[in-house]
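S.K.: no sequence on this one, just coordinates:
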């Protein structure tokens, strides 16, 4: 880093922009360019937009780096900019009251940034910025100096595994495709990422689009593909915009197109906006979708890597996997393997959300413990409530309890704990979350997202959801938990595709670890976390009620009676258990039980 | 419409002939997938209309009914759910007079829809209003914005 | 057909000429689609953009009646570009040099001018067909129902022969038979010049053989064809007709002419299952049994003789045709009695050796394809394997002759007639089906959008279509299917009978009438017809 | 290229199978029954019903035998307690979303789902919940579509696309609400070949004209379609003296495929309009009224197509035939045989036609015999 410079890095991810990032950047740039300043200062001072650094809850995040020394401001608004500029950039003394706190420090310090290294550091819309950090050197190297087999060997040795789902060895996947003697082959970046609560791929595609493209180029070189697709969720508008721009830049520079790097190989990469279906994360469904059909998975007579799009060999990797590839080529397989465990190399990005103090995107080495992630990076449970569990891997993942907190994050350990890595969603639940309700929430999504092709997933998931519904509404029956287990394992065993094989996980894992909570719902008709509405009663505590009438006003069912300044009363017959009264009462006079 | 369809078809031929991208183009041009356009394309490209219907009813991005001028997408992802997105959703539907089982108000001013996740979980609850992602929303804020949008008319 | 259905899927090139296969022969259509799915190239030669065009590699939309010109031009290209199969021609045919000479004037440029098909398409079709290793030609009435129908067939045969596409699997010249037992009816000698098995009535030896078989004396004077009989009747020189299971009032060209002819007869017997338009004119109507009420055999387009079995009893006093004929014969004093219907089949096998190896037992499961001369012969999936019978392999040069009646200023459009998917022939069977009536309730005229604009007519309106012979009111169906300047009317519907308009001119050799081309005019009418059809065809 | 055959072992029996065939194909060779609802050997493997699961040694979970290729040395078990339990659960799931309509269902007794329910003895179902209910709205005249009986085997969609090449229907929506549907849920508007009806394993698709014509104990009569020259083989299902329905079997020249006429247009056989007695003309004027409106449009009134008593009277066979013979002889005696002609029928059997031309050539004594091969 330039020793005699001032760099202002304004976060420009989706989160930041929604918090006013563009205005903040604009304000800094205005000031830098303002005529009052000396030209020599203007020459060494600049304001950059950089990718998301993961801590979106504190956006807009701004780094001010003066002569290599970095100060981070959080929750910056454009009206705060003049003071920061005045006092810190010109005056040299940071505005202490706005700088990031310890929580932020520990959030960043406890991570190991490999794949996210550029996010928050370089301008994702500037190809030169990427080239300045040795971008496309690995691809050039792969095309000019490496044989496909060498690349594949290197990837294999790095122990890189698919970051999207089951964690299949990336090198082996490439090898299958490489070995098929076909002229036409495809490389696909799977950026469908439709797991609620996961946004790692979005941040990578937004914050470091060239890394994804470079990864695809290296893959194309390794397997001999002439065509690539970036299959990206259409809702990720910023990522779409930046990838489109990045592709254009690559075509202009000749990194993509005909005879790239004079290797004789052509490569065209096309952006394919995914039309919005959860199931498209499944490889065969994704292939159907790219072929323009309903994304119904097809039975796998052979592997997609051998027989994918239009029957041709197709490697499908998710964005995170691909973004790792250039780094492996640059820094070596053993470096990458050394970051992780014996079986999984590198790091893993998680979308840490839910009831932790610090929500955001976090990257930790493979093999870190869940406890590290939740307590060190995430700063512990919000409002210091009691930890209950972590839902890992999105709606088709599983929920693990406190006893698993010392599990390590790698594919095998998580499988032992009864969940999956999936796309890295990590939702932390505390004592106020009902486990049955949480499972029902996930099944509500998955039963609706089933493609409808195979019997167990189409009907079975719906039936599981209905059983959960009756449990949470107080109509649970003896034997329902066993029925859920039986049906769930049946669906897992007999479904056609990976979606159905994992969709019952939220139920199976919670039944395994939180069986009591299910039983209380069924036997006692109670929800210990006070979430399941039908199992709650709201009543007015006579002694505490001031008769202010607020509850009466907000009640949508006119179930609350009472005269002003006298204790009010809730008619249980009419109460719809919406909780509005509870939320609105300033005196804690509504009892929820 | 003919002009648009010509362009859509041109695009289709450049795009390796893909029925899904055709529909995406229709959605982009018309805001939904009009039935007449499906039949027209079906005729011109020799693709059965049933194929288009099957695709259009599968993907949430495609719509068979005209949509509102303003589109409000409420995120229903896990963190947003935990932070009360359901209430925001039902309140918005009520506020904008959206009939049950529909997504769009009768005057076609507003569409309120859900999405499984916007991928901006750090800022839950999240709502997207006309493609602008907004974090940490609450009902009050939402109603204010809706009124502003109404006033713009 | 020279070849079999199951060979169709293995064609690498299919030339379909004058056959709306998917509607008139749906199941054969399926085999063609199968071939296309397997990578075969399909060329459709038809004035209409029929449904099969969707599946085709190329569509040669020729002007009606210019088939010979088109086929000759294709052959010209094959000869010019040295694509003919010389070895095959030398070894198995004769008369090629004369044919080649006769093709000289049929340049692609000439073809483009006469047929309306671009020279590029003519050339590419010629190359495609000639270079194919297994090319099959399929045709139906679009080829034969012309005054030059026989020429068309010769031209097709020439094309197949010069490229060696005859006598092997998945090649051949394949006329698809229109009705379920056209093949069998012809095989059985229901054509004036031939006894059963295409044996000439003019040959003394043959006649002698049949006289021995039937123990009678037979006439050697050539008989009249159906059209000739009708013409003779109209001229007053014909006295009686015995019509069994046909409805010429609706199916024959120029309906008024047919009606006049039948009215002029002294005596008309109609034997049928329904009171057809023809039966209404009869002196005696004999109620017959239908296919489900009797035992016997049908022979399909691939020459497969198959068993027909009795499922139900005929209604009332209706009787099997064979029973009626035998009784009538004895009333006339000639005994043709038999114990079981199979005896008749066995007699046919004696009369014609190609069926000699068949009996009902052998036909039990899937039938057999003739020729099947001996009890242990497996039947013949495709004809002319290895060698031709003596008279076939000569090339027959034919020249293009325009159709008999061409459009002029008074009747400016060409009328094409034919069948559609839902109805069948004169409608006696299908129009009694409620469901069929709902989807295909009545007649219509298919007209090109440009022509519709010209006469200023909207879809669903009624028009008057007239020819020199008559006129009908019919509903308009605007469609991109017909070639501009031509219209199409299905002939199933008596109330809008296409055959009110058609021409009785016939092919001089086969006696087949020119049902596919005549000149008509269209006039818009005041009354608005309700568009009855639920279907939006195209 | 190695050998194109592999040897595998199913339930302890060795079988040699084509390399590209599936385990299910191989099992069928051994006549081992593996239940399946979605498999159809003519169509691309679908893998939807999940009933044909088998255990393969060395794999951790059961595989769908319809969509798994055979491999050399593979050891397969087609039935174990575990597999049967899985299959039973899938049948239970299907039944939990299926109307209990067997009493009235057209396919009762010939329904694969019913058969499986019977086989697994499912009276009590562990699963209950929402069922798809679709009002029957499709007014097409041929095919009755009761989509709540659909089990999503997809055979109809696939045969319409892969064999018929029409694509009139496709899957629509997703989840439990996935439905086979014509575009925009309109009425079916297609060629009505009924290939879909033929492959439907349940009562979801039936012929409208089958209703109340009987469900079982048909007498099957193998015969040939009376329409075009394809000569498709059909089976008439006969009850008492009535054709209740028509279908075609797999092992036929048409491989079980039919068109709309062959499959559905057979009720002319039992039409009220059929001629039932010989008729002799009594009114000498032979007028034919042309331009009449479609006389069949309303099939309940077939006036005009019943013989008009002002024109004809009924006669006995004896009288009709004697009269005909007399008239023909008269004409022949007076004018010679060559003023008499016969038109045979391409709709009649070979035997009928053989006799007809023999009659014309022998009894009448003329070669004036023809038929409409020409048109």
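M.R.: Received, thanks. Please read these numbers as outputs of a predicted model, since none were measured by experiment. Numbers count the residues shown, from 1 in each chain, chains lettered A, B, ... in the order given.
S.K.: where does the nearest residue to residue C:79 once chain neighbours are set aside land in three-state SS?
M.R.: In space, and not counting its chain neighbours, residue C:79 is closest to residue C:100: 5.3 Å by CB to CB, 6 or more residues apart in numbering or on different chains. Where you see a C-beta, it was placed from the backbone N, CA and C, and this is true even at glycine. Under DSSP: H, G, I helix; E, B strand; the rest coil, residue C:100 falls in the helix class.
S.K.: per-residue pLDDT of the closest residue to chain A within chain C, please?
M.R.: Nearest residue of chain C to chain A: residue C:39, at 13.9 Å (CB to the nearest CB). At residue C:39, the pLDDT value in this model is 94.
S.K.: what residues does it make contact with?
M.R.: residue C:12 (CB atoms under 8 Å, 6 or more residues apart in numbering or on different chains).
S.K.: helix/strand/coil for the closest residue to chain D within the stretch 101-250 of chain A?
M.R.: Residue of the stretch 101-250 of chain A nearest chain D, by CB to the nearest CB: residue A:166 (12.7 Å). Classification of residue A:166 by three-state DSSP places it in coil.
S.K.: next one: residue C:331
M.R.: At residue C:331 the chain is in helix, as set by three-state DSSP.
S.K.: how about the helices in the stretch 101-250 of chain C?
M.R.: Assigned by DSSP state H, counting those that start in this stretch, the helices in the stretch 101-250 of chain C fall at C:108-115, C:119-131, C:141-144, C:149-162, C:182-187, C:204-214, C:226-234, C:248-251.
S.K.: quick one: which of these is nearest residue A:175?
M.R.: Comparing the helices of the stretch 101-250 of chain C by their distance to residue A:175 (CB to CB), the top pick is helix C:119-131, with 41.1 Å.
S.K.: what's the angle between the closest one and helix C:149-162?
M.R.: Here helix C:119-131 runs at an angle of 60 degrees relative to helix C:149-162 (axes from the mean of the first three to the mean of the last three CA atoms, to 10 degrees).
S.K.: quick check: buried residues in helix C:119-131?
M.R.: Residues of helix C:119-131 classed as buried by neighbour count (16 or more other CB atoms under 10 Å in any protein chain shown): C:119, C:121, C:122, C:123, C:124, C:125, C:126, C:128, C:129, C:130.
S.K.: same check on stretch A:504-524?
M.R.: A:504-511, A:513-514, A:517-518, A:520-522.
S.K.: can you check stretch A:548-565 too?
M.R.: Judged by neighbour count using 16+ other CB under 10 Å, the buried positions of stretch A:548-565 are A:548, A:550, A:551, A:552, A:554, A:555, A:559, A:560, A:562.
S.K.: and the gap between the most far-flung residue of chain D relative to its centre and chain A?
M.R.: For chain D, the residue at maximal distance from the C-alpha centroid (CA atoms, centre = their mean) is residue D:334, at 53.5 Å. From residue D:334 across to chain A, the span is 76 Å (CB to the nearest CB, to the nearest Å).
S.K.: SS state for that residue?
M.R.: Classified using three-state DSSP, residue D:334 is helix.
S.K.: just checking, residue C:465 touches residue C:474?
M.R.: Yes. Using CB atoms under 8 Å, residue C:465 is in contact with residue C:474, at 5.8 Å.
S.K.: anything in contact with each of the two?
M.R.: Between them, residue C:465 and residue C:474 share the contacting residues C:445, C:489, judged by CB under 8 Å, 6+ apart.
S.K.: so where's the stretch 51-200 of chain C shaky on pLDDT?
M.R.: Of all residues in the stretch 51-200 of chain C, none has pLDDT under 70.
S.K.: tally of neighbours for residue D:218?
M.R.: Neighbours of residue D:218 under the rule other CB atoms under 10 Å in any protein chain shown: 17.
S.K.: excluding chain neighbours, what is closest to it?
M.R.: Nearest non-adjacent residue to residue D:218, counting by CB to CB, 6+ apart: residue D:237, 3.8 Å away.
S.K.: same check, this time on residue A:217
M.R.: Nearest non-adjacent residue to residue A:217, counting by CB to CB, 6+ apart: residue A:139, 4.4 Å away.
S.K.: ok, residue D:286 next?
M.R.: Nearest residue to residue D:286 in three dimensions, chain neighbours excluded: residue C:281, at 4.7 Å (CB to CB, 6+ apart).
S.K.: hang on, residue A:169 packs against residue A:158?
M.R.: No. Using CB under 8 Å, residue A:169 is not in contact with residue A:158; the gap is 9.8 Å.
S.K.: from residue A:382, how far out is the closest residue to chain C within chain A?
M.R.: Nearest residue of chain A to chain C (CB to the nearest CB) works out as residue A:311 at 13.9 Å. Distance, residue A:311 to residue A:382, by CB to CB, to the nearest Å: 50 Å.
S.K.: ok, now residue D:335?
M.R.: 114 Å.
S.K.: ok, now residue A:408?
M.R.: Relative to residue A:382, and taking CB to CB, residue A:408 is found at 24 Å.
S.K.: quick one, what contacts residue D:92?
M.R.: Residue D:92 is in contact with D:120, D:122, D:125, D:126, D:127, counting by CB under 8 Å, 6+ apart.
S.K.: could you redo the last one with a cut-off of 10 Å?
M.R.: Going by CB atoms under 10 Å, 6 or more residues apart in numbering or on different chains, residue D:92 touches A:455, A:459-460, A:463, A:487, A:490, D:116-117, D:120, D:122, D:124-127.
S.K.: that one - that's part of a strand, no?
M.R.: No. Counting by three-state DSSP, residue D:92 is not found in a strand; it is helix.
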